[in-house]
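Asks: using only what follows, build the 3D model:
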Amino acid sequence: MKNRWLILLAGIVIQTILGGIYAWSIFVPTLIENHGLSKGQCGTIFGLCIAVFTLAMIGGGRVLVSKGPRVTSVIGAVLFIVGYLLAAMSGGSYPLLLLGISLFSGAGIGFGYVCPLTVGMKWFPKSKGLIAGVTVAGFGGGAIVLSSVAAYYLDAGMDVLRFFMWLGIVPGALLLAASLLLDVPSRTQQTAPTGSVRQEVMTLPFLLCTLGMFVGTFSGLLVIGNLSPIVLDAGLSVELAATAVSVFAVGNAVGRILWGILFDRIAYKTIPASLGVFAGTLLTLSVASHPWLILFCAGLLGFGFGANFVIYASAISRYFDGALFPRLYPICFLGYGLAGVTGPAIGGYIADATGAYDPALFLSITMMAATTILMISGLRSFANGQVPDAPSMVVAGD
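Replies: Presented below is the predicted three-dimensional model:
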């Protein structure tokens, strides 16, 4: 008999391993010092990995529908392993690091990311928000785990390329083992979708979810990409700036779970609520000067940022035919990919041009406030959602 709790645990393990990519900055100093890479090259490796991750989710969603979550996640695990082993054998070559980490492991993250979300919400159809929150909290916490482990071994003198080898072998093997545990309830395996992806992506609810994903992550990434200098510009210490970044990360992880619980209670109202919380907190941060208030804002911003990875997945799964979720959510997630290549950069360029971060913060506040109003007026469009409490999904038997 299939154990849904074991399957949920396997999904969390998968997300935690894949989320380690957000610890990339821990490797940058060693790559620069020992292997001659530039800061720009290191940033490009990470940025391209995120871009490939978001694009690969679309292909992963197609494979998930046709072959099932186990096959899809195993493909992701293999790509992850190959990517880091190739990086380990690169000798510090920038093109090979791009190929290994950005392309292979980035594609592996994309194929793996969508599987635990889809599977978890099928096993717990009445708690989709909570399950989505718990699952993606694992992704957010992956950076904390990997950065701690990497810091220990790198500080002990291990070369970063050797660490990449072990990263491919040990977490890679665990990723592969967890992937083999993924499955869906047997009663969902013969259900056909009732709509088409092409039709659904043009509906107002889907367009609102995609817009919300972009605006929410644009503002969140603009802040986290520049949070340390924003705090320093407020006249506070380097230590407080580092603490603010850590507090943001904690708020992000906690927020993913709490927003999931909240979605199960008030459903689509969480969309304007999350945007409004972020906009209000940004406004407070722009005028804050007391250290404790700034730290409180950093945590609350992380809390609001984490909502983006829970409420839109939950909303799409609840509103549309569950069989279409693996195809629809990756398209919505492209909003995050676009935000990733625009938000932090725009924030930095505006600060360069004006000499301060306040104009960038007010740009985000304006975007968030306008989108909040739009979402409130568009909530009625969600009223006719299918809200499929019974699981439904097209997958091949594993």
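Asks: enumerate every residue touching Ala241.
Replies: When contacts are counted by CB atoms under 8 Å, 6 or more residues apart in numbering, Ala241 touches Leu227, Ser228, Pro229, Val231, Leu232. C-betas here are computed from N, CA, C, even on glycine.
Asks: could I get the pLDDT score of the last one?
Replies: What it means is Leu232. At Leu232, the model reports a pLDDT of 79.
Asks: where does Asp158 land in three-state SS?
Replies: Heads up, residue 158 is Met, not Asp. Going by DSSP: H, G, I helix; E, B strand; the rest coil, the secondary structure assigned to Met158 is coil.
Asks: drop anything exposed from the contacts of Ala241.
Replies: Neighbour counting by 16 or more other CB atoms under 10 Å classes Leu227, Val231 among the contacts of Ala241 as buried.
Asks: adding distance to Ala23, write the contacts of Ala241 out as TSV.
Replies: Shown next, in TSV, are the contacts of Ala241 (distance: CB to CB, whole Å):
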residue	distance to Ala23
Leu227	17
Ser228	16
Pro229	21
Val231	21
Leu232	23
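Asks: burial count for Gly106?
Replies: When neighbours are defined as other CB atoms under 10 Å, Gly106 has 26 of them.
Asks: kindly export the helix or strand hosting it (C-alpha atoms) in PDB.
Replies: Assigned by DSSP states H and E, Gly106 belongs to helix 106-123. The C-alpha coordinates for helix 106-123 follow below in PDB (Å, rounded to 0.1, in the frame of the first residue of the first chain):
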ATOM      1  CA  GLY A 106      19.500  23.900 -14.200                       C
ATOM      2  CA  ALA A 107      17.500  21.600 -16.500                       C
ATOM      3  CA  GLY A 108      17.500  19.000 -13.700                       C
ATOM      4  CA  ILE A 109      16.100  21.500 -11.200                       C
ATOM      5  CA  GLY A 110      13.300  22.300 -13.700                       C
ATOM      6  CA  PHE A 111      12.300  18.700 -14.300                       C
ATOM      7  CA  GLY A 112      12.400  17.900 -10.600                       C
ATOM      8  CA  TYR A 113      10.800  21.000  -9.100                       C
ATOM      9  CA  VAL A 114       7.300  20.500 -10.600                       C
ATOM     10  CA  CYS A 115       7.000  16.800  -9.500                       C
ATOM     11  CA  PRO A 116       6.700  17.100  -5.700                       C
ATOM     12  CA  LEU A 117       4.200  20.000  -6.000                       C
ATOM     13  CA  THR A 118       2.000  18.000  -8.400                       C
ATOM     14  CA  VAL A 119       2.200  14.700  -6.400                       C
ATOM     15  CA  GLY A 120       1.800  16.300  -3.000                       C
ATOM     16  CA  MET A 121      -1.400  18.100  -3.900                       C
ATOM     17  CA  LYS A 122      -2.900  14.900  -5.400                       C
ATOM     18  CA  TRP A 123      -2.300  13.000  -2.200                       C
END
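Asks: what about the helices in the stretch 251-398 of the chain?
Replies: 270-287, 291-319, 325-354, 358-378 (DSSP state H, counting those that start in this stretch).
Asks: ditto for the stretch 101-250 of the chain
Replies: Under DSSP H, counting those that start in this stretch, the stretch 101-250 of the chain gives helices at 106-123, 128-155, 160-179, 197-200, 204-233, 238-266.
Asks: closest one to Ala279 among those helices?
Replies: Closest of these to Ala279 is helix 204-233, at 8.0 Å (criterion: CB to CB).
Asks: and that closest one, what's buried?
Replies: Buried residues in helix 204-233, counted by 16+ other CB under 10 Å: 205-206, 208-227, 230-231.
Asks: so which residue is dead centre in this structure?
Replies: Residue closest to the average C-alpha location in the chain (CA atoms, centre = their mean): Phe309, at 5.9 Å.
Asks: circling back: now mean pLDDT and distance to Gly68 too, for the helices of the stretch 251-398 of the chain, in TSV please.
Replies: Listed next are the helices of the stretch 251-398 of the chain as TSV, based on pLDDT from 0 to 100; distance: least, CB to CB, whole Å:
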stretch	mean pLDDT	distance to Gly68
helix 270-287	93	30
helix 291-319	91	17
helix 325-354	86	10
helix 358-378	93	34
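Asks: no more questions from me, cheers.
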